[in-house]
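In: When you get a sec, could you give me coordinates for this:
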Amino acid sequence: MADTIRVGIIGANPERSWALRAHIPALAALPQYTLQAVSTSRRESADEAAKKFHVPLAFDSHTDLVTHPDVDLVVVSVKVPFHHTLVMAALEAGKAVFCEWPLGNGLQEAIEMAALARQKKVCTAVGLQARFAPVINRVRDLVAQGYVGKVLSTSVVGSGLAYGEFVERPNAYLIDKANGANLLTIASGHFLDAMCYCLGEFAELSATLATRRPHVKITKTDESLSATSPDQVTVHGTLQDGAVASFHFRGGQSRGTNLLWEINGTDGDLVVTGAGGHVQMLELTLQGGQGKDTALAPLTIPQEYHWAPAETPAGFPFNVAQLYVRLASDMQKGTQLSLPFEAAVVRHRMVAAIQKAADTGERQTYLSEA
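Out: Here you go, the predicted model:
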């Protein structure tokens, strides 16, 4: 490996992409990395991306990128249905891989990718970047330190922002359940991963999924499309320590509450709020109260929770940069600070359990599965 980790991004559309909004500005702030290569599905956009981002290598074939000797880390930032093919190709080439969440279009794909990563003995990371958000890590530590005492319950209501009345045409694939990129897998998956990171996994759960808007309008047109993905997700159950958990995400945006997460304990309370349920990419506010406090008060987030450099852009790039900092340590020092594919399989098992609970009306578990 070179002095810096040389990154190749699959899905670096120069006009509209998550790579454009998050990965590339995050990497630009981190001295541990060099953006070495980009690939898109068309030669014209690949060349445009290389010119725009000052990248030496451009490809219109993912095979050329993943097999190039000057690429150490392959970043897969494309639509979910393509994750499996691209990740498996990178793993077969022996490359470290950072793949966006969801890792696969369903549990089985995630299991296959994790198994090949183990076989190849390469470093992997999945983009559940809410775990790397300063507020989320502060919540986790406060709970562990006993700020709220024994956790009695946790309750969540949030908006998915997308999955509402309108969808932009390039995002229309989100409303087709078959594509594995919907309110359950993405918005709810990110939040529930953060919640479980702070409070522990579900011991058992029940769920209801509903599509209350069976037809969704295409923005700025008179066209509408049939929707099969859920726009209402509710999960309730008990966590491993016995705490009761209640979760409700709804599609679109509310005129009222768009994120309220409460953790209630024997000695105190913590409350996280934000402009939407996407804790992986939106700014969050933390309040708390304990003991003789009669009301909540803002809680500061110490600088120790900011691992990315001060010049890292706020917003979408920040938590991605936080994850990249931990991944660099894993690749260069052999630590285990980021979130490997094995952890993604656990989250996929949870999502599958939620779907099964909704389909059958029966409570589900997921941690004991092989």
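
In: going forward, measure contacts and count neighbours with C-alpha atoms only.
Out: Noted.

In: my read: Ala46 touches Thr40, true?
Out: Yes - counting by CA atoms under 8 Å, Ala46 does reach Thr40; the two are 5.2 Å apart.

In: Any chance you could list residues touching both of these two?
Out: Ala12, Asn13, Phe59, Asp60 (CA atoms under 8 Å, 6 or more residues apart in numbering).

In: List buried residues within those.
Out: Neighbour counting with 16 or more other CA atoms under 10 Å marks Ala12, Asn13, Phe59, Asp60 as buried within the shared contacts of Ala46 and Thr40.

In: would the first one count as being in a helix?
Out: So that's Ala12. No - in this structure, Ala12 is coil, not part of a helix, as judged by DSSP: H, G, I helix; E, B strand; the rest coil.

In: Just the pLDDT for it.
Out: Looking at Ala12, its pLDDT stands at 91.

In: What helix or strand is the residue of the chain most remote from its centre located in?
Out: Among residues of the chain, the one most distant from the C-alpha centroid is Lys292; the distance is 36.8 Å, by CA atoms, centre = their mean. Here Lys292 sits in a region with no helix or strand, counting by DSSP states H and E.

In: what about it, distance to Ser153?
Out: Using CA to CA, to the nearest Å, Lys292 is found at 20 Å from Ser153.

In: what's the closest of the buried ones among the shared contacts of Ala46 and Thr40 to Ser338?
Out: Ala12 (22.4 Å; CA to CA).

In: Leaving out the residues flanking it, which one is nearest to the closest one?
Out: Using CA to CA, 6 or more residues apart in numbering and skipping residues adjacent in sequence, the residue nearest Ala12 is Ala19, 5.5 Å away.

In: Arg349 now?
Out: With sequence-adjacent residues excluded and distances taken as CA to CA, 6+ apart, Arg349 is closest to Tyr366, at 5.9 Å.

In: The one you found contacts Met350, doesn't it?
Out: Yes - Tyr366 is in contact with Met350 according to CA under 8 Å; the separation is 5.9 Å.

In: Extract the CA atoms of stretch 40-51 and return them as CSV.
Out: Only the C-alpha atoms of stretch 40-51 are listed here, as CSV (Å, rounded to 0.1, in the frame of the first residue of the first chain):
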residue,chain,number,x,y,z
THR,A,40,-19.5,5.4,-13.9
SER,A,41,-21.6,3.5,-16.4
ARG,A,42,-20.7,5.9,-19.2
ARG,A,43,-17.2,7.0,-20.5
GLU,A,44,-18.4,10.6,-20.9
SER,A,45,-19.5,10.9,-17.2
ALA,A,46,-16.4,9.1,-16.0
ASP,A,47,-14.1,11.5,-17.8
GLU,A,48,-16.1,14.4,-16.6
ALA,A,49,-15.9,13.2,-13.0
ALA,A,50,-12.2,12.7,-13.3
LYS,A,51,-11.7,16.2,-14.6
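
In: sec struct for the residue nearest to Ala12, please.
Out: Secondary structure, three-state DSSP: Ala19 is helix.

In: Enumerate the positions of the helix or strand hosting Thr273 that are buried.
Out: Assessed by DSSP H and E, Thr273 sits inside strand 268-274. Neighbour-count burial for strand 268-274 flags Gly268, Asp269, Leu270, Val271, Val272, Thr273, Gly274 (criterion: 16+ other CA under 10 Å).

In: between the residues you listed, which is nearest Ser226?
Out: Minimum distance to Ser226 across those is 30.1 Å, recorded for Gly274 (CA to CA).

In: Now do the contacts for the spatially most central residue of the chain.
Out: For the chain, Leu128 is the residue whose C-alpha lies nearest the centre (CA atoms, centre = their mean; 3.2 Å). Neighbouring residues of Leu128 by CA under 8 Å, 6+ apart: Glu100, Trp101, His190, Asp193, Gln280, Leu339.

In: Now intersect those with the strands, please.
Out: Residues of the contacts of Leu128 located in strands (DSSP state E): Glu100.

In: Dump the contacts of Leu128 into a markdown table; add neighbour count and distance to Val244 as well.
Out: What follows is these, written out as a markdown table (neighbours: other CA atoms under 10 Å; distance: CA to CA, whole Å):
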| residue | neighbour count | distance to Val244 |
| --- | --- | --- |
| Glu100 | 21 | 30 |
| Trp101 | 25 | 26 |
| His190 | 25 | 20 |
| Asp193 | 23 | 16 |
| Gln280 | 25 | 23 |
| Leu339 | 22 | 26 |
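
In: Could you double-check that Ser17 sits in contact with His23?
Out: No - Ser17 is beyond contact range of His23, at 9.6 Å (criterion: CA under 8 Å).

In: When those two are compared, which one has more neighbours?
Out: A direct count of neighbours by other CA atoms under 10 Å for Ser17 and His23 places His23 higher, at 23 against 15.

In: check contacts around Asp64.
Out: Counting by CA under 8 Å, 6+ apart, Asp64 has no contacts.

In: how close does it sit to Gly8?
Out: Counting by CA to CA, the gap from Asp64 to Gly8 is 10 Å.

In: Could you spell out the sheet neighbours of the strand or helix carrying Phe98, each with its direction?
Out: Assigned by DSSP H and E, Phe98 belongs to strand 96-100. Strand pairing for strand 96-100, using DSSP bridges, gives strand 73-76 (parallel), strand 124-127 (parallel).
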